[in-house]
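After the sequence you'll find the predicted model.
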Amino acid sequence: MAKIVYGVSGEGSGHSSRARVIATHLVERGHQVRIISYDRGLRNLKDDFDLFETEGLHIAQSENQVSRLRTLTENLKKLPQGHARLKALREEVFKTMQPECVFTDFEPMTAYLATYYDLPLITIDNQHRLRYMVYPCPEQLSHDNTLTRNIIRAMIPRPDVSLVTTFFYGELKNSRTFLYPPILRREVLGLTPLKGDHVLVYLTGEFQRFIDILPHFKNERFVIYGYDREETVDNCQYKPFSKAGFLLDLAGSKAVMATAGFTLITEALFLKKPYLAMPIKGQFEQEINAHFLEHMGYGLNVYSPSVDVIQGFLDRLPEFNSRLDGYRAEDNSKILDRVDELLANDCALAKAFHDLRKRG
């Protein structure tokens, strides 16, 4: 069995949700796994896995828009700690454990050390579709598209194999990239979707302009997560975070209105829920997710929500439901099978891809 270092971005919860599925599978197969993460990834995984805390990047936002200045300044403050944790990661994990293979879900320190120690590097994420897949991009996002590809290249310079999760499929740019259905939590796979009478709202930061619109829809009921409150105001029921409660409200909703994070979109699609996506402006991945969603007919891509826009979304729910009937909901078996293939016979296939990438 293989010794594996698994880097997991701690920005948001999607990376750790995906990594939990993969790491659980690896452990069940008898592999030795050491997870490297921070922030939400640390909090979400530390109780169940052998975990080393590192330092990582964060995106600052307000009113559903990225604050580039705050993002820059807050991350610059962390450079000294980041350098110290990189040195500790090298000494306490890589030198001690001597891994045979490195996995990363958009965590750069493990990616750089995989290259330094000449180890096979496998990426499992949705970010690499933006680097290695051909897809339609709105003209107004072309600059951010190029910038995002360059950031991904800087974060993870030399992946040997990229296992890419996606709900939109395009042509691939190389023979070392493979597309798979979104990785879903076991709790999601076990849900039974129902057509309830409420709309689920999920926000990752303050977006009061949107919240102020909802009382106009007196015949609708909105269940709101992300504000860490427990109260009902008019037709809006605020709920504190609860993984089980959130999933039940998602499964029982008639639609979702939320930011455009990959994980929630794909869970909603699996449960056949129409989605009004409000991408965080300046966060290209969310913007392209929302573009794909609307392009495929599963919901709307909305930058500036208004009474008319939300009413239009609600009026079109039958249309979106009809399109979602054709969405192919799949489990995680395909990508887990590929992971097993890469690690079989002392990581023979992972090492073969590593050699192939080095030969150019």
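Good, I have the coordinates. The model shown is predicted, which means the values in this text are computed figures rather than measured ones.

Which residue is the nearest non-sequential neighbour of Val102?
Ala114 (3.8 Å; C-beta to C-beta, 6 or more residues apart in numbering). For glycine as for every other residue, the C-beta is placed from the backbone atoms N, C-alpha and C.

Return the set of buried residues in stretch 135-155.
135, 137, 144-145, 148-149, 152, 155 (16 or more other C-beta atoms under 10 Å).

just to revisit the earlier point, quick one: the residue nearest to Val102 is in a helix?
Yes. When DSSP: H, G, I helix; E, B strand; the rest coil is applied, Ala114 is found to be in a helix.

where's it relative to Arg357, distance?
Distance check for Ala114 against Arg357: by C-beta to C-beta, to the nearest Å, it reads 11 Å.

still on that earlier bit, just the ones of the buried residues of stretch 135-155 in helices?
144-145, 148-149, 152, 155 (DSSP state H).

In CSV, list the residues you listed along with distance to Arg29 and pLDDT.
Output for those, formatted as CSV (distance: C-beta to C-beta, whole Å; pLDDT from 0 to 100):
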residue, distance to Arg29, pLDDT
Asp144, 39, 93
Asn145, 37, 95
Thr148, 34, 92
Arg149, 33, 93
Ile152, 29, 92
Met155, 28, 90
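
Closest one to Glu285 out of those, please.
Thr148 (6.8 Å; C-beta to C-beta).

Spit out the contact partners of the closest one.
Thr148 sits next to 130, 284-285 when contact means C-beta atoms under 8 Å, 6 or more residues apart in numbering.

want to throw the buried residues of stretch 135-155 into JSON lines with distance to Ala277?
Output for those, formatted as JSON lines (distance: C-beta to C-beta, whole Å):
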{"residue": "Tyr135", "distance to Ala277": "16"}
{"residue": "Cys137", "distance to Ala277": "16"}
{"residue": "Asp144", "distance to Ala277": "16"}
{"residue": "Asn145", "distance to Ala277": "18"}
{"residue": "Thr148", "distance to Ala277": "17"}
{"residue": "Arg149", "distance to Ala277": "22"}
{"residue": "Ile152", "distance to Ala277": "21"}
{"residue": "Met155", "distance to Ala277": "24"}
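
Pull the contacting residues for the residue nearest to Val102.
5, 102, 104, 120-121.

Show the low-confidence segments of the stretch 51-200 of the chain, by residue range.
56-83 (pLDDT under 70).

Kindly recompute the last result at 50.
58, 60-61, 66-73, 75-77, 79 (pLDDT under 50).

quick one, helices of it?
For the stretch 51-200 of the chain, the helices defined by DSSP state H, counting those that start in this stretch occupy 68-76, 79-89, 95-97, 108-116, 129-132, 142-155, 186-189.

Residues touching the third one, excluding its own?
In other words, helix 95-97. Taking C-beta under 8 Å, 6+ apart as the rule, helix 95-97 contacts 3, 5, 32, 34.

and it, how far from the chain's centre?
29 Å (C-alpha atoms, centre = their mean, to the nearest Å).

same deal with the fifth one?
Using C-alpha atoms, centre = their mean, the mean C-alpha position of helix 129-132 is found 14 Å from that of the whole chain.

contacting residues for the residue nearest to Glu294 when sequence neighbours are not counted?
In space, and not counting its chain neighbours, Glu294 is closest to Asn301: 4.1 Å by C-beta to C-beta, 6+ apart. By C-beta under 8 Å, 6+ apart, Asn301 lies in contact with 260, 277, 279, 290-291, 293-294.

Cool, thanks, signing off.
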